[in-house]
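Peer 1: Quick one, what's the 3D model for this:
(chains A and B)
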Number of protein chains: 2
Amino acid sequence: MGETFVVVGGDAAGMSAASKAKREDPDLEVIVFEKGEWVSYGACGMPYYVKGDIGELEDLVAITPERFREERDIDLRTHSEVVGIDREADSVTVENDEGTYEQSYDDLLVATGARAIRPPIDGMDLDGVFTFHSMESARAVRDSVAGESGESVDSPDSPDSPDSPDSLDSPDSLDSPESVGIIGGGYIGLEMAEAFDARGLDVSVFEMLPHVLDPFGDAIAEEVEDHLREQGVSLHLDTMVEAISGEGGRVAGVETDAGHHAVDAVLVATGVAPNAELAERAGIEVGETGAIATDEYGRTNDEHVYAAGDCAEARNVVTDAPDWVPLALTANRAGRAIGATVAGDRTETGGIVGTAAVKVFDLEVARAGITDPEVAEEAGFDPVSKVITAESRAHYYPGGKPITVEMVGDRESGRLLGAAMVGEEGVAKRIDTVATALHAGMTVEEVQNLDLSYAPPFSPTWDPVLTAAKVLSGKLE
Amino acid sequence: MGETFVVVGGDAAGMSAASKAKREDPDLEVIVFEKGEWVSYGACGMPYYVKGDIGELEDLVAITPERFREERDIDLRTHSEVVGIDREADSVTVENDEGTYEQSYDDLLVATGARAIRPPIDGMDLDGVFTFHSMESARAVRDSVAGESGESVDSPDSPDSPDSPDSLDSPDSLDSPESVGIIGGGYIGLEMAEAFDARGLDVSVFEMLPHVLDPFGDAIAEEVEDHLREQGVSLHLDTMVEAISGEGGRVAGVETDAGHHAVDAVLVATGVAPNAELAERAGIEVGETGAIATDEYGRTNDEHVYAAGDCAEARNVVTDAPDWVPLALTANRAGRAIGATVAGDRTETGGIVGTAAVKVFDLEVARAGITDPEVAEEAGFDPVSKVITAESRAHYYPGGKPITVEMVGDRESGRLLGAAMVGEEGVAKRIDTVATALHAGMTVEEVQNLDLSYAPPFSPTWDPVLTAAKVLSGKLE
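Peer 2: The predicted structure is shown next:
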């Protein structure tokens, strides 16, 4: 009654918490501060906006600010940045266009998200260098490569004009790049490779590690690399980008430890870092991962301060240790649970197993659990790994595609530790079987004995996950 | 050493057992008796052979008899029917073209499969009436509807000529039916509806129950029925077929309790029954389901006699009771486990959760666990059910399709009991998440907290399975 729940950050975790809290307790005053314009947007869809699969940036928005305000009765304040937390006074300092003010809270949620890492190299400020972690950045990239004029003009909610308004009138001008260098071969880098390729650009990917998609393991990564090359992407693995070179203030190339590569534009996709500083300055504990430490209810070391989403840790069920995997479902779920808890219904945020899926051109790539032997060993396991290839459909049914599965188990306990897989169909959701088995703490032998679905158009009799478990099980004996 | 393992039946369970036993113990003498010509064939693919997706009946064979004999050193005897088991003498009586003989065994596996039920109605012997539970029957159906001449002539291994050789020369003759009545709206009936439709026939399905696909529940079945009607299939639900009428010895129509329907051909797909008689006559126990009762190692009440596949029961993990679900994976797995056990490596056959998937024209339909409230109540549960519809992809990603999920949980324990779902994509393998959760005995709340994969092309942030669990969880509280 009359209590105030303040949320810092208006994306997945923040808006889920605000909505759930208000729904469970309509008397609660729920205030959300969002420093930008956009709330509740699907950042994961931005590559497909650049690619052109999605017409308008606004299409990525699940619920508009108006609906949050009017239908859900949430006091959503955009263009309002929280610059300080005073835990003694239970209040936050808010900056907006008109100045600065204090807002007191009974419960506070820090949902400040993550930011794109900007590597400390020369040339980051050249025209034609893009990072990719905000709606505005997505618009800038699309405006630059679309070869269509004024797409953003259609959007009445568009917060501001694009950085290079001259491109609106001259889609074929020199400003439209013909080639792009992507620094970083992670999810975003590879999704954007597909997007740029669809826009007709020559795409080069620079990855400092020996393989792309590091968390998926070498066997899976190598198949992705073969596929990228088949699609015409130029791959530079084990290659460190040392600088971005320019000419007349615009990108001219990428300078690596293996030489110069001429490109017209650069996308920097070298990963993200948690926005934990606001909380840290207020004495909120940050874990070893660099993200905000939380308990099973998403609470920080201050019982009235919660953290969720890309700025916060979650418990990894496989290692039973804190982990930082900044993905959308974790953010949504933790936000929702915290909203319920704040409204009086104590709800655990739930553990994670590091499940992820990504589309890379015609491939589906997915993972769950621990597949990296070093990480497994650090967590106290003796990992045994096996790679198999099976078909996505019955051998006689047309259109089947090979699926490669790497599965990892613990030698002593026989426990399933994780798996990664790749193929042209039936991969992204097949990983959920592995994720569910990991949540249940199953052994590889138990996985082998799962009663999974079979019908000729959808699977061989022994699903690839079962085949992987069967073969790995033999190796664990 | 010198021991003999005799297998009765050369399909999934039998050949899996024979292969595994011989591989684990090469000194074992392994003899398989198969009364027909075909072994190790994919019966599940037969509808697609009729449809024309699969060129030759031989394509359905995973491993030829020659390979079993030569590569796997299995004494495979086709055209050899076991007509008696003498458990006192530890021997079986075998009939082949040349006569009858006894074969002694140290261990015996009964893998006699199931047979199509022939309803006791008039007209079953008319020309143009087909059942569908053998390779020969699949060939006969295809020959009758293909509208192409002599497809079977290409097959050197073809055991015999088709029943109506005249159709070879006259594909457009009166013998080629233009309409077909399918009696039974189960898996086979609906897969065959698709196959006949693809061959240009007018298809009518007659189902005596109120809905098709009974084990999937009304909500899912209704969507399948809508889809069938959209595809031009004439559905007759709640309709009992009382006779097949003929003219000049050929099918002329189907007589139901709702009247006469003129059709040129009839497919009888009223389910299957376990071939348990051979075992039963030898004093082997049969369970309440009518299939052969087995323990966790696939053993019958005689410790040297095992049973597996479509003739045998398996333990349902959800009810912890014997169940009979004659499907391919169960047969393969049980056969393999029994082969290992016989070779000295005691291996459990594994429980089942009744997972099944079927393609019906453009729909994927899948189920796992207990979804029928009556069955749940009989098993001592207090079932609560919820139906939701969600999207197969992120809301903004093009091409997403609705997926309808019915999920059932137990009110008191909160335990997940089962689910069924339907949609145009991403259904058949999504059910595996449910199957895995059922094996683990998860509560609906635990399912709601699973870390399932998310990427815009493959799933909304909250996977439909999670959404169903979330909504059902609210109803269980």
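Peer 1: thought residue A:219 was touching residue A:387?
Peer 2: Yes - counting by Cβ atoms under 8 Å, residue A:219 touches residue A:387, with 4.5 Å between them. Using the backbone N, CA and C atoms, a C-beta is placed for each residue, glycine as well.
Peer 1: Looking at those two, which is more packed in?
Peer 2: residue A:219 (20 against 17; other Cβ atoms under 10 Å in any protein chain shown).
Peer 1: give me the element residue A:6 is part of.
Peer 2: Per DSSP states H and E: residue A:6 is located in strand A:4-8.
Peer 1: export that strand as CSV, just CAs?
Peer 2: What follows is strand A:4-8 as a C-alpha-only set of coordinates in CSV (Å, rounded to 0.1, in the frame of the first residue of the first chain):
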residue,chain,number,x,y,z
THR,A,4,7.2,2.4,-4.4
PHE,A,5,9.1,0.0,-6.7
VAL,A,6,11.7,1.8,-8.7
VAL,A,7,13.2,0.1,-11.8
VAL,A,8,16.3,1.3,-13.5
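Peer 1: Give the pairing partners of that strand; include direction for each.
Peer 2: Using DSSP bridges, the strands paired with strand A:4-8 are strand A:29-33 (parallel), strand A:107-110 (parallel).
Peer 1: SS state for the residue of chain A positioned farthest from its centre?
Peer 2: Most distant residue from the mean C-alpha position of chain A: residue A:396, 37.7 Å away (Cα atoms, centre = their mean). When classified by DSSP: H, G, I helix; E, B strand; the rest coil, residue A:396 comes out as coil.
Peer 1: how near is it to residue A:457?
Peer 2: 11 Å (Cβ to Cβ, to the nearest Å).
Peer 1: what angle do the longest helix along chain A and strand A:4-8 make?
Peer 2: In terms of residue count, the longest helix belonging to chain A (DSSP state H) is helix A:328-342. Here helix A:328-342 runs at an angle of 160 degrees relative to strand A:4-8 (axes from the mean of the first three to the mean of the last three Cα atoms, to 10 degrees).
Peer 1: Mind giving me the packing neighbours of helix A:328-342?
Peer 2: If contacts are counted by 3 or more Cβ pairs under 8 Å, 6 or more residues apart in numbering or on different chains; DSSP states H and E, helix A:328-342 sits against helix A:12-24, strand A:107-110, strand A:305-307.
Peer 1: now these as CSV including mean pLDDT and mean neighbour count?
Peer 2: Below are the helices and strands packed on helix A:328-342 laid out as CSV (pLDDT from 0 to 100; neighbours: other Cβ atoms under 10 Å in any protein chain shown):
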stretch, mean pLDDT, mean neighbour count
helix A:12-24, 97, 26
strand A:107-110, 98, 29
strand A:305-307, 98, 29
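Peer 1: if you skip the residues just before and after it, what's nearest to residue A:410?
Peer 2: Distances taken as Cβ to Cβ, 6 or more residues apart in numbering or on different chains place residue A:381 nearest to residue A:410, at 4.4 Å, with adjacent residues excluded.
Peer 1: Please read the previous query as pertaining to residue A:14.
Peer 2: Nearest non-adjacent residue to residue A:14 (Cβ to Cβ, 6+ apart): residue A:111, at 3.7 Å.
Peer 1: check contacts around the one you found.
Peer 2: A:7-9, A:11-14, A:17, A:307-309, A:311-312, A:331, A:335 (Cβ atoms under 8 Å, 6 or more residues apart in numbering or on different chains).
Peer 1: contacting residues around the spatially most central residue of chain A?
Peer 2: The structure's chain A has its C-alpha centroid closest to residue A:327; by Cα atoms, centre = their mean the separation is 4.3 Å. When contacts are counted by Cβ under 8 Å, 6+ apart, residue A:327 touches A:356, B:454.
Peer 1: Please apply the same query to residue A:330.
Peer 2: Neighbouring residues of residue A:330 by Cβ under 8 Å, 6+ apart: A:309, A:314, A:352, B:451.
Peer 1: how near is residue A:285 to residue A:307?
Peer 2: Counting by Cβ to Cβ - residue A:285 and residue A:307 are separated by 10 Å.
Peer 1: Are there residues contacting both of the two? Which ones?
Peer 2: What both residue A:285 and residue A:307 touch, as defined by Cβ under 8 Å, 6+ apart, is the set A:292, A:300.
Peer 1: Let me see the ranges of the helices in chain A.
Peer 2: Using DSSP H, helices in chain A cover A:12-24, A:46-51, A:65-70, A:135-145, A:187-198, A:218-230, A:277-281, A:328-342, A:373-378, A:431-439, A:444-448, A:464-476.
Peer 1: Same list, these, but as CSV with distance to residue B:192 please.
Peer 2: Formatted as CSV, those follow (distance: least, Cβ to Cβ, whole Å):
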stretch, distance to residue B:192
helix A:12-24, 46
helix A:46-51, 39
helix A:65-70, 48
helix A:135-145, 49
helix A:187-198, 40
helix A:218-230, 38
helix A:277-281, 62
helix A:328-342, 40
helix A:373-378, 48
helix A:431-439, 30
helix A:444-448, 33
helix A:464-476, 28
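Peer 1: Could you look over these and pick the most buried one?
Peer 2: Ranked by average neighbour count under the criterion mean count of other Cβ atoms under 10 Å in any protein chain shown, the helices of chain A are headed by helix A:431-439 at a mean of 29.
Peer 1: can you list the residues that contact it?
Peer 2: Residues outside helix A:431-439 that contact it (Cβ under 8 Å, 6+ apart) are A:317-318, A:351, A:353, A:355, A:357, A:366-369, A:407, A:416-419, A:421, A:446-447, A:450, A:452, A:463, A:465, B:429-430, B:432-433, B:435-437, B:440, B:442, B:446, B:449-453, B:463, B:465.
Peer 1: By neighbour count, which bits of stretch A:120-137 are buried? Give me those.
Peer 2: Neighbour-count burial for stretch A:120-137 flags A:121, A:123, A:126, A:128-137 (criterion: 16 or more other Cβ atoms under 10 Å in any protein chain shown).
Peer 1: let me redo that: stretch A:208-219
Peer 2: Judged by neighbour count using 16+ other Cβ under 10 Å, the buried positions of stretch A:208-219 are A:208, A:211, A:212, A:213, A:215, A:216, A:217, A:218, A:219.
Peer 1: Tabulate those residues (a markdown table), appending distance to chain B and pLDDT.
Peer 2: Putting the buried residues of stretch A:208-219 into a markdown table (distance: Cβ to the nearest Cβ, whole Å; pLDDT from 0 to 100) gives the following:
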| residue | distance to chain B | pLDDT |
| --- | --- | --- |
| A:208 | 24 | 97 |
| A:211 | 20 | 98 |
| A:212 | 16 | 98 |
| A:213 | 13 | 97 |
| A:215 | 13 | 93 |
| A:216 | 13 | 96 |
| A:217 | 16 | 95 |
| A:218 | 21 | 96 |
| A:219 | 19 | 96 |
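Peer 1: Brilliant, that's me finished.
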